[in-house]
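Trainee: Build the 3D model from these lines:
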Amino acid sequence: MEPHPRHLAATSRRPVLDAPVEWSVSAEAVDYAAAVRAMEARAAGIAGGNAAELVWLLEHPPLYTAGTSARAEDLLKPERFPVHHSGRGGQLTYHGPGQRVVYVMLDVKRRSGDVRAFVSSLEQWIIATLAGLGVVGETRTGRVGIWVRRPDKGEEAEDKIAAIGLRLRKWVSLHGISLNVAPDLGHYDGIVPCGIAGHGVTSLADLGAPDSMQAVDNLLRGEFERRFGPTRTACAPFATANESAARL
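Mentor: Predicted structure coming up:
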């Protein structure tokens, strides 16, 4: 997932509910198309003032997504995994087990209406979360996402550990962040990740950092609340068959 202000479309303003941001975690992998439908429906509810803002944490089955700036030549192995064309900004990326995907449905207008500042806040949120795990994450001019220095690979070597890609619809954000906790990094070989061929991809596990998904989730929530305000636990907007049965 990659953000860039020129890829963020915003339109009209409407009232919203004054409530804590709902915080949902899906325990099982969620189908990508189903997740997008649920996310878009929730964003429409937020835009209409009928739903609270939401942060949704989940994992997907292995797949590639192509953002609005994706190049066909960057899809190196199209037969490897399903390819989903996404409305988010950015180019090609991978999603799969061991990666924490964070869909962020927030009212950007309510939060000052400054898109660049909003993206910067998301970046600092992830950087602070990584710091809590002993990893130094950094941003780079001209390269979106969060990067870590890899002196073990060379003096100038850097790897990407988190990607950010957004879309705004009626000032409500969709899509969000993917943070590599312990995915199979070999799956990135089927694409040129985010269109950047000169650098690699890493994960918490690859760096030898704590890679418990629960620990990552706890840090994400704490750092989110420091920047964006209080949260409350809620059910995910889409439940798998097993999760639905467990609720009965």
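Trainee: Name the next helix or strand downstream of the longest strand seen in the chain, please.
Mentor: Longest strand in the chain by number of residues (criterion: DSSP state E): strand 158-169. Counting by DSSP states H and E, the element after strand 158-169 in chain order, helix or strand, is strand 172-180.
Trainee: what are the ranges of the helices in this protein?
Mentor: 32-47, 115-131, 213-228, 241-247 (DSSP state H).
Trainee: between those, which gets nearest to residue 102?
Mentor: Of all the helices of the chain, helix 213-228 sits nearest to residue 102, with 6.8 Å by C-beta to C-beta. Glycine gets a C-beta too; all of them are placed from N, C-alpha and C.
Trainee: pLDDT averaged over the longest strand of the chain - what is it?
Mentor: The pLDDT scores in strand 158-169 average 94.
Trainee: Could you list the paired strands of it along with their orientation?
Mentor: Take DSSP bridges as the rule and strand 158-169 pairs in its sheet with strand 143-149 (antiparallel), strand 172-180 (antiparallel), strand 200-201 (parallel).
Trainee: export those to a markdown table and tack on mean neighbour count and mean pLDDT?
Mentor: Output for those, formatted as a markdown table (neighbours: other C-beta atoms under 10 Å; pLDDT from 0 to 100):
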| stretch | mean neighbour count | mean pLDDT |
| --- | --- | --- |
| strand 143-149 | 21 | 92 |
| strand 172-180 | 26 | 96 |
| strand 200-201 | 18 | 90 |
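Trainee: I'd like to know which of these lies nearest to residue 27.
Mentor: Nearest to residue 27, of all these, is strand 172-180, at 17.5 Å by C-beta to C-beta.
Trainee: for the longest strand of the chain, the distance to its chain's centre please.
Mentor: How far strand 158-169 lies from its chain's middle: 6 Å, per C-alpha atoms, centre = their mean, to the nearest Å.
Trainee: Can I get that strand in PDB? Just the C-alpha atoms.
Mentor: Output in PDB follows, covering the C-alpha atoms of strand 158-169 (Å, rounded to 0.1, in the frame of the first residue of the first chain):
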ATOM      1  CA  GLU A 158      17.500  -0.200   3.300                       C
ATOM      2  CA  ASP A 159      14.400  -2.400   3.400                       C
ATOM      3  CA  LYS A 160      10.800  -1.500   3.500                       C
ATOM      4  CA  ILE A 161       8.900  -2.900   6.500                       C
ATOM      5  CA  ALA A 162       5.500  -1.100   6.200                       C
ATOM      6  CA  ALA A 163       3.500   0.400   3.300                       C
ATOM      7  CA  ILE A 164       0.800   3.000   3.300                       C
ATOM      8  CA  GLY A 165      -1.900   3.500   0.700                       C
ATOM      9  CA  LEU A 166      -5.100   5.500   1.000                       C
ATOM     10  CA  ARG A 167      -8.100   6.800  -0.800                       C
ATOM     11  CA  LEU A 168     -10.500   9.500   0.400                       C
ATOM     12  CA  ARG A 169     -14.200   9.300  -0.300                       C
END
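Trainee: what's the distance between the spatially most central residue of the chain and residue 73?
Mentor: Of all residues in the chain, the one closest to the mean position by C-alpha atoms, centre = their mean is residue 177, 1.5 Å from it. From residue 177 across to residue 73, the span is 26 Å (C-beta to C-beta, to the nearest Å).
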